[in-house]
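[1] Would you be able to build a 3D model of this:
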Amino acid sequence: MAVKSFEEYEKELKKSYAPQEAAAIAANEQKYATEKKLTTDTYNRQIDETSKSYEDLYDENAVQRLVNEREVAENMANLGLTDSGLNRTQQTAVQLSYANSKNKIDVTRQKAIDTLTAQLADAITKLDIEQNDNAASIKSNYAALASSGAQDMYNNAVQEETKRIQADYDYRLSTYKEQQKAYEKQQAAYEKQ
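    Reported below is the predicted structural model:
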């Protein structure tokens, strides 16, 4: 009886472990898909909250514009310089102040959103790396398990084959010795005659 090679045993074990390995990898993917979704949802919620938190600043800026318009109009009226409210230069100055404040709010808001977006991308990248590392670890563990099992199976088969060959050798040797003794007895009996 011929002993299978180590590679044949390993191939058989890898085939038998394939469903378990695939299930472990699928569970790993599911785990990380869930973590990515939770992380994405958390950061998206923070981005929405950050964006909404700036609405109050926009409202304050709009109110400040109206206050500025009224103050300028009142100052002008108190000085007796105009009776029709704001002139174009004054309107432009108030609008420019409003636009500058709005721009500062926009820039600050966008920086906060960009920071959260970058943190989200970093978190997702980190999860992707962990997922790939875990998948590689799972594959490596199953490969090592198959290799170790194949080595054990091969060693056992070699030992069994060695025992079988030794038993066959011992049997043939004992048969030969018995035949040798029988021949020697025959020879001795022949010589006596």
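[2] quick one, strands of this structure?
    Using DSSP state E, no strands are found in the chain.
[3] For it, name the helix or strand with the lowest mean pLDDT.
    The weakest-scoring helix or strand in the chain, judged by mean pLDDT, DSSP states H and E, is helix 55-79 (a mean of 82).
[4] list the helices and strands that helix packs on?
    helix 88-192 (3 or more Cβ pairs under 8 Å, 6 or more residues apart in numbering; DSSP states H and E). For glycine as for every other residue, the C-beta is placed from the backbone atoms N, C-alpha and C.
[5] What about Ser148, how many residues nearby?
    Applying other Cβ atoms under 10 Å, we find 12 residues neighbouring Ser148.
[6] hang on, I meant Ala182
    Neighbours of Ala182 under the rule other Cβ under 10 Å: 10.
[7] so where is this structure shaky, pLDDT-wise?
    Residue ranges of the chain with pLDDT under 70: 1, 80-87.
[8] Skipping its backbone neighbours, what lies nearest the residue most central in space within it in space?
    Centroid-nearest residue in the chain, with Cα atoms, centre = their mean: Gln131, separated by 1.5 Å. Leaving aside its sequence neighbours, Gln131 sits nearest to Tyr32 (Cβ to Cβ, 6 or more residues apart in numbering; 3.9 Å).
[9] Next: Glu7.
    Ala150 (7.8 Å).
[10] Asn68 and Ala33, how far apart?
    As judged by Cβ to Cβ, to the nearest Å, Asn68 and Ala33 stand 52 Å apart.
[11] Oops, could you answer that again for Ala27 instead?
    Going from Ala27 to Ala33 by Cβ to Cβ gives 11 Å.
[12] ok, now Ile124?
    In terms of Cβ to Cβ, Ile124 sits 11 Å off from Ala33.
[13] Tell me how many other residues surround Tyr9.
    By the criterion of other Cβ under 10 Å, Tyr9 has 22 neighbours.
[14] so it touches Ser148, yeah?
    No: Tyr9 is beyond contact range of Ser148, at 10.7 Å (criterion: Cβ atoms under 8 Å).
[15] can I assume Glu35 is in contact with Ile124?
    No: counting by Cβ under 8 Å, Glu35 does not reach Ile124; the two are 9.5 Å apart.
[16] Common neighbours of those two, please.
    Shared contacts of Glu35 and Ile124 (Cβ atoms under 8 Å, 6 or more residues apart in numbering): none.
[17] Surely the residue nearest to Glu7 touches Ser16?
    No: counting by Cβ under 8 Å, Ala150 stays clear of Ser16, with 10.9 Å between them.
[18] Those two: which is more packed in?
    Of the pair Ala150 and Ser16, Ala150 is the one with more neighbours under other Cβ under 10 Å, namely 21 against 11.
[19] check contacts around that one.
    Applying Cβ under 8 Å, 6+ apart to Ala150 gives the contacts Phe6, Glu7, Tyr9, Glu10, Glu12, Leu13.
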